[in-house]
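Trainee: Sharing a sequence plus its predicted fold:
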Amino acid sequence: MIPINAPQIGEEEIEAVVKVLKSGVLTHALGAGPMVKKFEEDFARFVEAKHAIAVNSGTAALHMAVAAVGVKQGDEVILPSFTFVATAETVVLAGAKPVFVDIDPETYNISPEAVNRAVTKKTGAIVAVDLYGSPADLKPIREIADKHGLKVIEDAAQAHGAVYDNRPVGSYADVACWSFYASKNMTTGEGGMITTNDDEIAEKLRLIRSHGEKEKYKSILLGHNYRMPEIEAAIGIVQLKRLPKFLERRRENAEKLTAKLRPLKNLQLPLEPKGCRNSWYLYTVRVKDADRKKRDTIVERLKKEGIGAEVYYPWPIHLMPYYRKFGKGRLPETEKASEQVFSLPVHPGVTVEQIDFIGEAVSRLVGRG
Ligand SMILES: Cc1ncc(COP(=O)(O)O)c(C=O)c1O
């Protein structure tokens, strides 16, 4: 089976972990051990942000971000429904109400027009997601936020190395949240990072990361234990160094697959808007005019042939049993996309021959339309 994603771990990561274990410094009481600090410095430089705060998951990053930008109990937070559930779950955990809005059918990312229509007096923040590693359209969202005095959180969990308006993603947001889960473009096993240019938000985030403590046993804020262990940070330092090569391989595979699939008239291929570069975390296609059953059959058949095709995401959040209570209206583009899309493997471990094989299998199963 060619998996949809696979961690790329080598000797250097293993050596880095052993070194930490031998050092005896496994963590730091306030979450700022030597490896964590180095990883934060390196990551901040990579995404051109003033601050980076390492945490133990992307979900932790989002939860902290919602609190740190000042979202209060009962506030509304505008976000897409076509994303991983953590994007919405953390809004609810912070005591706010998720307001789901529709997506752009070409990019699958949150529609700025829909965001604009959803702003009310109760809006506390906007969350945009760089879905599949394709940058969300942050410029108009930034304008809407500034007009209403709102904060913008960018869920960049899938977008390490992605570029928007010729700058690393996250540049237009107040905070950007990253994940280092094992499937991601770079991994620490589990882990996350928050980046920001705002000194005050950064200070708050560092406090929230470790029980709201500036000094031990004297909490000045409501916090949590969201600290990243030193072993993870050591892996992250090595993975970040290797990331440019990983991204190159993903791009090469994505471009080859695009060349193979372009003749298929009934397949919508991934977009890379002007001034943007995708991180190619997921190579996602849409079977135009398919219903859920037809799409699922194609995915099942690909799996039978050893191709780890997957659907991200089969159920938009507003249609999930727990979240139905938050969504009133329909989200037609979101619902349609969830029935028609599927993703194909382009990770660095996929060979040229495997890309050919994937292209041929998809062409045969989807047909020439
Ligand atoms: C869009 C999105 N948001 C949030 C997360 C949560 O990150 P994590 O799994 O590190 O908690 C993920 C990844 O799993 C994700 O893909």
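Mentor: Nice, I can see it.

Trainee: In the stretch 151-300 of the chain, what residue spans correspond to strands?
Mentor: 151-155, 163-164, 167-168, 175-179, 192-196, 267-268, 283-287 (DSSP state E, counting those that start in this stretch).

Trainee: Can you add mean neighbour count and give those strands back as TSV?
Mentor: (C-beta placed from N, C-alpha, C; glycine too.) Formatted as TSV, these follow (neighbours: other CB atoms under 10 Å):
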stretch	mean neighbour count
strand 151-155	26
strand 163-164	21
strand 167-168	17
strand 175-179	30
strand 192-196	29
strand 267-268	18
strand 283-287	23
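
Trainee: So which of the ones you listed is nearest Ile235?
Mentor: Ile235 lies closest to strand 192-196 among those, at 13.0 Å (CB to CB).

Trainee: What score does the residue nearest the centre of the chain have for pLDDT?
Mentor: A centroid search over the chain (CA atoms, centre = their mean) returns Ala157, at 2.4 Å, as the residue closest to the centre. At Ala157, the model reports a pLDDT of 98.

Trainee: Report whether stretch 129-137 contacts the ligand.
Mentor: Yes. On the criterion CB under 6 Å from any ligand atom, stretch 129-137 is in touch with the ligand at Val129.

Trainee: so the residue nearest to the centre of the chain makes contact with Ala60?
Mentor: No. Contact criterion CB atoms under 8 Å: Ala157 and Ala60 do not qualify, at 11.3 Å.

Trainee: what do the two both touch?
Mentor: Gly192 (CB atoms under 8 Å, 6 or more residues apart in numbering).

Trainee: So for stretch 283-302, mean pLDDT?
Mentor: Average pLDDT, stretch 283-302: 97.

Trainee: can that stretch be found next to the ligand?
Mentor: No. Judged by CB under 6 Å from any ligand atom, stretch 283-302 stays clear of the ligand, getting no closer than 12.7 Å.

Trainee: which parts of that stretch are buried?
Mentor: 283-287, 290, 295, 298-299, 302 (16 or more other CB atoms under 10 Å).

Trainee: Now tell me what touches that stretch from outside.
Mentor: 108, 132, 253-254, 257, 261, 266-270, 309-312, 314, 337, 339-346, 361-362, 365-366, 369.

Trainee: One more: stretch 360-369?
Mentor: Contacts of stretch 360-369 (CB under 8 Å, 6+ apart): 260-261, 263-267, 285, 287-288, 298, 301-302, 305, 307, 344.

Trainee: repeat that with 6 Å
Mentor: 264-267, 298, 301-302, 305, 307 (CB atoms under 6 Å, 6 or more residues apart in numbering).

Trainee: picking that back up, which among the buried residues of stretch 283-302 gets closest to the ligand?
Mentor: Thr284 (12.7 Å; CB to the nearest ligand atom).

Trainee: So Asp130 sits against Ala159, correct?
Mentor: Yes. Taking contacts as CB atoms under 6 Å, Asp130 lies within contact range of Ala159: 3.7 Å.

Trainee: In the stretch 1-150 of the chain, which residue sits closest to the ligand?
Mentor: Closest contact between the stretch 1-150 of the chain and the ligand, by CB to the nearest ligand atom, is at Gly58 (2.5 Å).

Trainee: Report pLDDT for Gln268.
Mentor: On the pLDDT scale, Gln268 gets 98.

Trainee: now Gly367
Mentor: pLDDT at Gly367 comes out at 80.

Trainee: From the ligand, how far out is it?
Mentor: 31 Å (CB to the nearest ligand atom, to the nearest Å).

Trainee: Number of residues surrounding that residue?
Mentor: Each residue near Gly367 was counted by other CB atoms under 10 Å, and the total is 13.

Trainee: Brilliant, that's me finished.
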